[in-house]
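Undergrad: have a look at this prediction, sequence included:
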Amino acid sequence: MVNRPRSTSLIRRSLVFLLAYAAAWTLSGYLLPDHGAAHAQKAAKKGSKKAKAVEVDPCANFEFEMLPVNEEAGKGAARDSLISSLRSGALTPGSEASFDAFFASYQLPRLTQCKEIYSQGGIQRVVKDLRSYFKYEGITRGGPVRERLNAIVLRDGQKVAQGNYHPAARYNAMLLIAELNTDEGDEAAKGQATPLPAALPVLVATVSDGKQIEAVKAAALIGIDRHVRAGAVGNSGPQITAAMVALVNQKTPPSGTSSEGHDWLRGQAASVLGALRSVGAKNEVVTALEGVVADTNAAQSLRARAARALGNLDYSKAQQVDPSKVAAQVAAMVVTFYNQEKKQADRMEQLPNRRLLKSSFLAAYSGLTGAGGADNKQNLLALAKNAGDPHAKFVTELANEVQTVASHEIFDTEYVEPAKLATGFAQVTANVKSLENYLKTNLPKAKAAAPAQPAADAGKAAAPAGKAAPGPGTPAGSPPAAAAPAAAAPAAGKQ
């Protein structure tokens, strides 16, 4: 009997991430390709009411390769034997070959088939079928049958992800690898599934592969994020850190990739670094994230994600990190963005976008104080306090001024009367100007003294960051402010 699939943190996170990333790919028809019927409907609308829609067969000139599908391996006695093994958790003698063939020669090759990609329900129907086999009660707690299934998906999934197959097939093959678990956790105790350790090196290598397409890297990043947040990185912390830092530092999109999609990948890599929490052996994580925050040519959505990642780092053992310099970059980010938005709104005789502004100021506040706000003992503010004045005073004042703006009532009320809104923005503008002046005149010239503690291990994942405390002006019980834009859709252009 099959257990009902329960919602896992990976599935929820995947859905949230993909709402952001799929936008760019949907436009090009890669992740959600149009059906022939859709083309016909478009043709019908252009013609007269009596015009007949011309059916377009998307597979007539399919430009990608397809793996052969062994239909016999997917039905009859072979399938019955497989289901029996999944239910019992044990392979019957002599059934190994048919078990392997069902997945390697039938199920996984279906991902590459044009008729599956463009069928009713699309490729997700095939993916759903594949996921269902991991939910059989005989293998939810692990065991040899699950190990065998994991090994097949890990091996053959890579072949699909790396081959000349449709991007939708390649993306979903990598996402299946990202989802692999050694077990499904204890449902009664609400225990989370345990990510498969063998999948992590594959995911990291995929992100670092300069020849791999964006969509596949996106799926790999989802898996890496999952491993990191589950505390399942083992000794791979340095490798993950190096790969994420390299991606964050890659300003120019590789040939053939979109700037919006590349920004999303960089932002996701920044989030992974924040979840790892290490500043890096030589502060390379801080340097990379600070560089994005300070880049006025980068999209604001990307800069905000980098700021939040800075807030998630553990600075308790950091050496040679100047808290005032980093904090000044975070504060300057929102000052610049506010001034740009205000100037553009004035030119159009409108008021600035409150949602965008609040999100940016919350990101800056999170960057300064991290999860737990001012009481956090591992955040940038705590590092400044440990360094003493003038750094303690400077960063504290920046945090207070950013919080003052972020918590203004015009950002917390859905509807504000026009007159009050104009007055409120006048107050916010004055507060931002005060923040800007403070930045110009009070940045400490002397670097902060390094703390006495030894430096943290390079790339070693600290304890996963807890849930971020509500940001300023966020009512108790609201979603954590720091998590809100984690999956913001790729910017249509630079903000």
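TA: Ah, there it is. Residues are numbered from 1 along each chain as shown.
Undergrad: need phi/psi at T194.
TA: Note on T194: its backbone torsions stand at phi -100, psi 110 [degrees, to the nearest 10].
Undergrad: now do N181
TA: N181 adopts backbone torsions of phi -130, psi 150, taken as degrees, to the nearest 10.
Undergrad: same check on L82?
TA: Main-chain torsions, L82, degrees, to the nearest 10: phi -60, psi -50.
Undergrad: same question for D183.
TA: Backbone geometry at D183, expressed as degrees, to the nearest 10, gives phi -160, psi 170.
Undergrad: for it, name its beta-bridge partners.
TA: D183 has these beta-bridge partners by DSSP bridges: T194.
Undergrad: quick check: pLDDT value at it.
TA: Turning to D183, the model gives it a pLDDT of 94.
Undergrad: begin at 92 from here
TA: Taking 92 as the first residue, the last one we looked at is D274.
Undergrad: pretty sure it sits against F225.
TA: No. Applying CB atoms under 8 Å as the test, D274 and F225 come out as separate, 10.0 Å apart. For the C-beta atoms, the positions are set from N, CA and C on the backbone; glycine is no exception.
Undergrad: neighbour count: the two, which is higher?
TA: Counted by other CB atoms under 10 Å, D274 and F225 do not tie: F225 has more neighbours, with 22 against 17.
Undergrad: enumerate every residue touching that one.
TA: Taking CB atoms under 8 Å, 6 or more residues apart in numbering as the criterion, F225 is in contact with T231, R237, L240, N272, E275.
Undergrad: name the SS class of the closest residue to N374 other than its chain neighbours, please.
TA: Spatially, and ignoring its direct neighbours in sequence, N374 is nearest to V412 (5.6 Å; CB to CB, 6 or more residues apart in numbering). Following DSSP: H, G, I helix; E, B strand; the rest coil, the label given to V412 is coil.
Undergrad: V412 contacts G371, correct?
TA: No. Taking contacts as CB under 8 Å, V412 lies outside contact range of G371: 10.0 Å.
Undergrad: any common contacting residues for these two?
TA: V377.
Undergrad: can you give me how far stretch 177-196 is from the chain middle?
TA: Taking the mean of its C-alpha atoms, stretch 177-196 sits 35 Å from the chain's own mean (CA atoms, centre = their mean, to the nearest Å).
Undergrad: quick one, what contacts the closest residue to L447 other than its chain neighbours?
TA: Spatially, and ignoring its direct neighbours in sequence, L447 is nearest to E432 (6.8 Å; CB to CB, 6+ apart). By CB under 8 Å, 6+ apart, E432 lies in contact with P443, N444, L447, L448, Q586.
Undergrad: tell me which of those residues is nearest to E351?
TA: Of all these, Q586 has the smallest distance to E351: 12.1 Å, by CB to CB.
Undergrad: tabulate the contacts of E432 (a markdown table), appending pLDDT, secondary structure and neighbour count.
TA: Shown next, in a markdown table, are these (pLDDT from 0 to 100; DSSP: H, G, I helix; E, B strand; the rest coil; neighbours: other CB atoms under 10 Å):
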| residue | pLDDT | secondary structure | neighbour count |
| --- | --- | --- | --- |
| P443 | 91 | coil | 20 |
| N444 | 91 | coil | 13 |
| L447 | 93 | helix | 18 |
| L448 | 95 | helix | 24 |
| Q586 | 36 | coil | 18 |
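Undergrad: ok, A169 touching D191?
TA: No. Counting by CB under 8 Å, D191 is not a contact partner of A169; they are 10.5 Å apart.
Undergrad: give me the mean pLDDT for the helix or strand harbouring the residue nearest to L447.
TA: If you go by DSSP states H and E, E432 is part of helix 414-438. Per-residue pLDDT values across helix 414-438 average out to 96.
Undergrad: what residue is smack in the middle of this protein?
TA: The residue lying closest to the centre of the chain (CA atoms, centre = their mean) is Q359, at 4.1 Å.
Undergrad: where are the low-confidence patches of the chain?
TA: The chain contains residues with pLDDT under 70 at 92-146, 278-281, 463-465, 539-586.
Undergrad: so it: which segments form each domain?
TA: Annotated domains of the chain cover 92-287, 367-586 [automatic domain parsing].
Undergrad: give me the helices and strands touching whichever strand or helix holds A473, please.
TA: Using DSSP H and E, A473 falls within helix 471-478. With contacts taken as 3 or more CB pairs under 8 Å, 6 or more residues apart in numbering; DSSP states H and E, helix 471-478 sits against helix 414-438, helix 445-460, helix 482-497.
Undergrad: to L177, which of these lies closest?
TA: Of all those, helix 445-460 sits nearest to L177, with 44.2 Å by CB to CB.
Undergrad: next, the angle from that closest one to helix 471-478.
TA: 30 degrees (axes from the mean of the first three to the mean of the last three CA atoms, to 10 degrees).
Undergrad: residues in contact with H499?
TA: H499 sits next to G515, Q518, V519, N522, G564 when contact means CB under 8 Å, 6+ apart.
Undergrad: now do N161 against S175, distance only.
TA: 20 Å (CB to CB, to the nearest Å).
Undergrad: same deal with N255?
TA: Per CB to CB, N255 is found 36 Å from S175.
Undergrad: name the helices or strands packed onto the helix or strand where K531 lies?
TA: Using DSSP H and E, K531 maps to helix 509-533. Applying 3+ CB pairs under 8 Å, 6+ apart, we find helix 509-533 packed against helix 414-438, helix 482-497, helix 500-503.
Undergrad: turn these into TSV, columns for distance to C150.
TA: As requested, the helices and strands packed on helix 509-533 are exported to TSV (distance: least, CB to CB, whole Å):
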stretch	distance to C150
helix 414-438	46
helix 482-497	52
helix 500-503	51
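Undergrad: identify whichever of these lies nearest to A264.
TA: Closest to A264 of the helices and strands packed on helix 509-533, according to CB to CB: helix 414-438, at 37.6 Å.
Undergrad: quick check: buried residues in the closest one?
TA: Residues of helix 414-438 classed as buried by neighbour count (16 or more other CB atoms under 10 Å): 414-429, 432-433.
Undergrad: for stretch 514-527, same thing?
TA: G515, F516, V519, N522, V523, L526, E527.
Undergrad: one step back: which of N255 and S175 has more neighbours?
TA: Between N255 and S175, S175 has the larger neighbour count (other CB under 10 Å), namely 15 against 10.
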